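Trainee: Here is my input; please provide its structure:
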Amino acid sequence: MATVHLLPGRHRRIRDGHPWVYRTEIAKITGDFTPGDIVDVVDARGAFVARGYINPQSMLTVRVMTLDPRETVDGDLIRRRIERAWRSRQRLLPDTGSCRVVFGEADFLPGLIVDKFEDVLVIQILALGMERWRETIVAALEEIFRPRGIYERGDERVRELEGLPQQKGFVRGEFPTRFTITENGLQMIVDVASGQKTGHYLDQRLNRAAIRPYARDARVLDAFCNTGGFALNAAAAGAREVVAVDSSAEALAILRENAALNGLQDRIRTEEANAFDFLRAQDRAGERYDLIVLDPPAFAKNRAALAGAIRGYKEINLRALRMLREGGILVTCSCSYHMTPDLFAEVIADAARDARRRLRLIEARAQPPDHPMVVGYPESHYLKCYLYEVL
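Mentor: Residues are numbered from 1 along each chain as shown. This next block holds a predicted model:
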């Protein structure tokens with residue numbers, strides 16, 4: 001087994017629970033290895049720090065599998081980790097019909113995502129070292145879940161950064177890739193072949209339900225609505241009108257299907273538009289709402305994009321705050337890790353200052369327990385969902 005020697009002082013973050021060894025932290029590598037092999041990581045004095053798989057092509061050169069020198073990384077370990085992740089979901093979630101079963105590094109299976117949509121599993125293998133365990137992973141999933149089928153969504157650029165091709169398709173069984181799931185008591189269409197990410201954004205489902213107490217008899221605007229998760233929950237809770245805005249005609253078509261499936265088509269009106277432009281036009285037209293949801297895509301996918309992201313978040317929150325009536329509710333989200341919770345709160349406060357509105361924080365929410373946030377691994381806390389009352 002090859003050994004990765006860290007530069008002085010670079011071991012502390014790993015021992016504190018961070019799962020990545022960056023290329024710039026490595027002093028030298030001794031011994032022979034093939035990319036994807038398991039290696040030991042030692043500090044500058046030669047003391048054991050971690051064990052993980054190596055890929056010199058990646059900036060994340062070693063992804064940590066264990067901090068225990070007695071633990072062997074093998075197929076049994078992979079299976080045990082999957083079983084432990086599933087037990088955690090069963091214990092912590094009110095409903096495991098559709099959920100994230102494995103969340104990569106946060107479940108100590110770096111580079112592996114497994115989503116469960118009723119009796120269908122969708123996998124993403126996003127790292128070379130985890131690709132080595134593909135058949136072990138699939139066999140374990142078949143035995144634990146007995147799914148109708150397994151589909152792969154490996155159409156992510158990060159695979160190319162790992163030296164892997166993008167790919168997607170059936171892994172086990174064949175089935176219609178477009179079907180419905182139940183989320184918060186609502187029927188939702190999922191397309192595991194063509195939908196966003198693995199077919200549906202599971203990380204917002206509890207936050208979607210959380211807006212229901214504020215939606216009754218309200219006029220609601222759902223900006224960046226995608227297939228309508230927030231809009232449907234607002235309508236189901238008794239909103240008198242929901243305006244759902246997105247730039248994707250395909251997403252809005254699915255939203256309308258979802259609305260019809262749930263008998264909510266008369267309460268939801270869709271608008272195909274750039275959400276920034278729509279918010280600006282509505283503000284200038286003097287439109288008013290009781291509840292506004294802002295759930296944009298990630299504005300800051302890397303640190304270099306942060307300054308532009310701050311401007312974008314401030315713009316949409318400023319427009320929303322100007323359109324909310326006194327006592328209205330702002331539900332504002334960010335899925336950008338680089339937009340930290342404190343920074344996100346500062347941006348909203350800045351927008352409120354410019355809009356001359358005072359706010360009361362009702363709830364500071366995050367991702368659900370099936371997207372666990374691990375101490376020592378701040379990147380695992382990426383989703384913010386804040387609910388404010390306009391005073």
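Trainee: I'd say residue 220 and residue 241 touch.
Mentor: Yes - distance between residue 220 and residue 241: 6.9 Å, which falls inside the contact criterion (CB atoms under 8 Å). To be clear about C-beta, it is placed using only N, CA and C from the backbone, and glycine gets the same treatment.
Trainee: Give me the more crowded residue out of these two.
Mentor: residue 220 (28 against 17; other CB atoms under 10 Å).
Trainee: dump the residue contacts of that one.
Mentor: Contacts for residue 220 were tallied using CB atoms under 8 Å, 6 or more residues apart in numbering; they are 231, 234, 235, 239, 241, 242, 243, 289, 290, 291, 292, 293.
Trainee: now do residue 92
Mentor: Contact analysis of residue 92 by CB under 8 Å, 6+ apart lists 369, 370.
Trainee: what separates it from residue 100, distance-wise?
Mentor: 12 Å (CB to CB, to the nearest Å).
Trainee: Now list whatever residues contact both of these two.
Mentor: Residues touching both residue 92 and residue 100 (CB under 8 Å, 6+ apart): residue 370.
Trainee: Quick one: neighbours of residue 359, just the number.
Mentor: Counted with other CB under 10 Å, the neighbours of residue 359 add up to 19.
Trainee: Surely it is in contact with residue 389?
Mentor: Yes - with contact defined as CB under 8 Å, residue 359 reaches residue 389; the gap is 6.9 Å.
Trainee: Show the residue spans covered by the helices in the stretch 101-250 of the chain.
Mentor: Per DSSP state H, counting those that start in this stretch, the stretch 101-250 of the chain carries helices over the ranges 128-131, 134-145, 157-161, 205-210, 212-215, 229-236, 249-261.
Trainee: Of the ones you listed, which stretch is the most buried?
Mentor: Across the helices of the stretch 101-250 of the chain, the average number of neighbours (mean count of other CB atoms under 10 Å) peaks for helix 229-236, which reaches a mean of 28.
Trainee: for it, what is the average pLDDT?
Mentor: Per-region confidence: helix 229-236 scores 98 on mean pLDDT.
Trainee: and that helix, how far from the chain's centre?
Mentor: A distance of 20 Å separates the centroid of the chain from that of helix 229-236, by CA atoms, centre = their mean, to the nearest Å.
Trainee: same question, stretch 283-300
Mentor: So, by CA atoms, centre = their mean, the centroid of stretch 283-300 is 21 Å from its chain's centroid.
Trainee: repeat for stretch 141-151
Mentor: Computed by CA atoms, centre = their mean, the chain-centroid distance of stretch 141-151 equals 22 Å.
Trainee: Tell me the helices and strands packed up against the biggest strand by length in the chain.
Mentor: Counting residues, the longest strand in the chain under DSSP state E turns out to be strand 324-334. Strand 324-334 sits against strand 289-294, helix 306-323, strand 384-390, with contacts defined as 3 or more CB pairs under 8 Å, 6 or more residues apart in numbering; DSSP states H and E.
Trainee: buried set for it?
Mentor: For strand 324-334, burial by neighbour count (16 or more other CB atoms under 10 Å) applies to 324, 328, 329, 330, 331, 332, 333, 334.
Trainee: CSV for those residues, including distance to residue 276 and pLDDT?
Mentor: As requested, the buried residues of strand 324-334 are exported to CSV (distance: CB to CB, whole Å; pLDDT from 0 to 100):
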residue, distance to residue 276, pLDDT
324, 17, 98
328, 20, 98
329, 21, 98
330, 16, 98
331, 18, 98
332, 14, 98
333, 16, 98
334, 15, 97
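Trainee: can I get those residues in CSV with distance to residue 148?
Mentor: Formatted as CSV, those follow (distance: CB to CB, whole Å):
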residue, distance to residue 148
324, 44
328, 44
329, 39
330, 40
331, 35
332, 37
333, 32
334, 35
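Trainee: Which two of those have the greatest separation?
Mentor: Spatial extent of the buried residues of strand 324-334 (CB to CB) is set by the pair 328 and 334 at 20.0 Å.
Trainee: Of all residues in this protein, which one is nearest the centre?
Mentor: In the chain, the centroid-proximal residue (CA atoms, centre = their mean) is residue 203; its distance is 5.4 Å.
Trainee: surely it meets residue 368?
Mentor: Yes - counting by CB under 8 Å, residue 203 touches residue 368, with 6.6 Å between them.
Trainee: Please work out the average pLDDT along stretch 104-113.
Mentor: 98.
Trainee: Residues touching that stretch, excluding its own?
Mentor: 19-20, 52-53, 63-66, 78, 81-82, 84-85, 88, 100, 102-103, 123-127, 129-131, 137, 162, 198, 371-374, 377, 379-380.
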